[in-house]
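Enquirer: Pasting a predicted model and its sequence here:
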Amino acid sequence: MRKRFEDQLGDELRFHLDALAAENIAKGMSPDEARAAALRTLGNIEKLKDDCRDTRRFNFIDNLLRDLRYAGRAMRRSPGFTALAVLIMALGIGANTAVFSVVNAALLKPLAYRDPDRIVDLSERQVSSPTDLGEQVSIANFLDWHDQSSSFEGMAFYGSREIPVMSGATAEYHRGTHVSAEFFRVFSVEPIVGRTFTDEDLKPGSEGAAMISFTYWQSHFGGDLNAPGKTIRVYGRPVRIAGVMPAGFGFPDKTDVWAPRG
């Protein structure tokens, strides 16, 4: 568009220059004298080009304002069409915002743990049902993978679902995740307050321990640094808080409570 305008502007100025030169030749001037006189008449060519460019910009703004006024009048005459158009635009903007939010969270925004490109998720499916994408892994299979693996620095098991958690007088449903011993080491995360699970916590029949998310710590304990050692109840069973995970870490699915599973 810009190149075409510049070409048209150059052609137009050359046309006027040639026309003036032709008039001067008709008056008895030599071709060189006629062209020089035509240049003096037109003045500074580059300044003329700048003036034309400025006029074009003003015309563009004037055309834009005229188009906007026309669109406003058309919208007032057809309120139904206007409402439909606004609704379609709103849906389109909303859909684009939702898609960008997903792409940003999944692809663009850095994950809240170190070296995420080195972490893989393993699952299994039935050979007889190739379309079954089930992600359940039995504990027995996990233990076999863990004991026989030589390709991974660490391997952890987790199972997640909504569970009732009580830190006061009322039980609330939160995302709870049972994890095996190496879970937090796989993600290279450490609690900001307290500690992670000990071998004693992982033994069957232990009194129980839990890690809580930064969000849960803030909303239910007000950021109290003495929260580790206090008790919450999961499925009515008292569980001692071992530590608080850093802000931004909530794997998987924005977990609020992690409990050990041997």
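Expert: Arrived safely, thanks for sending.
Enquirer: The stretch 101-250 of the chain: strands as residue ranges?
Expert: In the stretch 101-250 of the chain, the segments counted as strands under DSSP state E, counting those that start in this stretch are 158-166, 171-179, 193-194, 209-212, 231-234, 237-244.
Enquirer: The first one - what's its average pLDDT?
Expert: The predicted model gives strand 158-166 an average pLDDT of 92.
Enquirer: Residue 31 reaches residue 37, doesn't it?
Expert: No. The pair residue 31 / residue 37 is not scored as a contact, 10.8 Å apart, by CB atoms under 8 Å. C-beta: built from backbone N, CA, C; applies to glycine.
Enquirer: so what sits against both of the two?
Expert: Residues touching both residue 31 and residue 37 by CB atoms under 8 Å, 6 or more residues apart in numbering: residue 21.
Enquirer: do you know which of the strands of the stretch 101-250 of the chain lies nearest residue 24?
Expert: strand 171-179 (88.4 Å; CB to CB).
Enquirer: distance between the closest one and the chain's centre?
Expert: Distance, stretch centre to chain centre, for strand 171-179: 26 Å (CA atoms, centre = their mean, to the nearest Å).
Enquirer: Please write out the alpha-carbon positions of it in CSV.
Expert: Presented in CSV, the C-alpha positions along strand 171-179 are these (Å, rounded to 0.1, in the frame of the first residue of the first chain):
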residue,chain,number,x,y,z
ALA,A,171,-14.9,-29.5,57.1
GLU,A,172,-14.1,-28.3,53.6
TYR,A,173,-13.3,-30.2,50.4
HIS,A,174,-9.8,-29.6,49.1
ARG,A,175,-7.5,-31.3,46.6
GLY,A,176,-5.6,-34.0,48.5
THR,A,177,-2.7,-36.1,47.1
HIS,A,178,-1.1,-39.2,48.5
VAL,A,179,2.6,-39.3,47.5
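Enquirer: Can you tell me what sits against that strand?
Expert: Contacts for strand 171-179 (CB under 8 Å, 6+ apart): 156-166, 216, 233-234, 250, 252-261.
Enquirer: Parallel or antiparallel, which strands does that strand pair with?
Expert: In the sheet, strand 171-179 lines up against strand 158-166 (antiparallel), strand 257-260 (parallel) (DSSP bridges).
Enquirer: How about residue 213, nearest residue that isn't a chain neighbour?
Expert: The spatially closest residue to residue 213, leaving aside those adjacent along the chain, is residue 256, at 4.7 Å (CB to CB, 6 or more residues apart in numbering).
Enquirer: residue contacts, the one you found?
Expert: So residue 256 contacts 165, 174, 175, 176, 212, 213, 215, 216, 250 (CB under 8 Å, 6+ apart).
Enquirer: Show me the shaky parts of the protein.
Expert: 1-11, 13, 16-17, 42-43, 45-63, 104-112, 126-135, 262 (pLDDT under 70).
Enquirer: what domains does the record give for it?
Expert: 2-77, 139-260 (automatic domain parsing).
Enquirer: which one of these is the most hemmed in?
Expert: Among those, domain 139-260 has the highest mean neighbour count (mean count of other CB atoms under 10 Å), at a mean of 16.
Enquirer: That concludes my questions; thank you for your assistance.
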